[in-house]
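# can you look at this prediction? I've put the sequence above it.
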Amino acid sequence: MADIQQKSSPILVAAAWAVVVLPTAWGLNYTVQNALKIFTKPAATTPANTAPQK
């Protein structure tokens, strides 16, 4: 019996990796951006002037 090896198309391999890597990179970026919110100081806000004007 002859050993026949069929090679995968490089374009098909690249497309398969893109299907895996792109959503993973997006999810990692989304997670890091939301996690950074925990560690950053909130922006300084000025208190509202609630005293009535004379």
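Structure received.
# quick one: secondary structure of the residue most central in space within the chain?
Closest residue to the average C-alpha location of the chain: Asn29 at 2.3 Å, with CA atoms, centre = their mean. Following DSSP: H, G, I helix; E, B strand; the rest coil, Asn29 is assigned to helix.
# tell me the confidence at it?
At Asn29, the predicted lDDT confidence score is 98.
# how far away is it from Thr45?
With the distance defined as CB to CB, to the nearest Å, Asn29 ends up 28 Å from Thr45. Every C-beta, even on glycine, is put in place using the N, C-alpha and C of the backbone.
# and stretch 7-26, what's buried?
By neighbour count on 16 or more other CB atoms under 10 Å, the buried set for stretch 7-26 is empty.
# next, count neighbours for Phe39.
Using other CB atoms under 10 Å as the criterion, Phe39 is surrounded by 6 other residues.
# over to Ala35?
For Ala35, the neighbour count with other CB under 10 Å is 9.
# Gln33 now?
Gln33: 9 neighbours (other CB under 10 Å).
# run through this structure and note the low-pLDDT ranges.
For the chain, applying pLDDT under 70 flags the ranges 1-2, 47-49, 51-52, 54.
# please enumerate the helices of it.
For the chain, the helices defined by DSSP state H cover 10-39.
# how close does Pro10 get to Trp17?
Pro10 is 11 Å from Trp17, where distance means CB to CB.
# common neighbours of these two, please.
The overlap between the contact sets of Pro10 and Trp17 (CB atoms under 8 Å, 6 or more residues apart in numbering) is empty.
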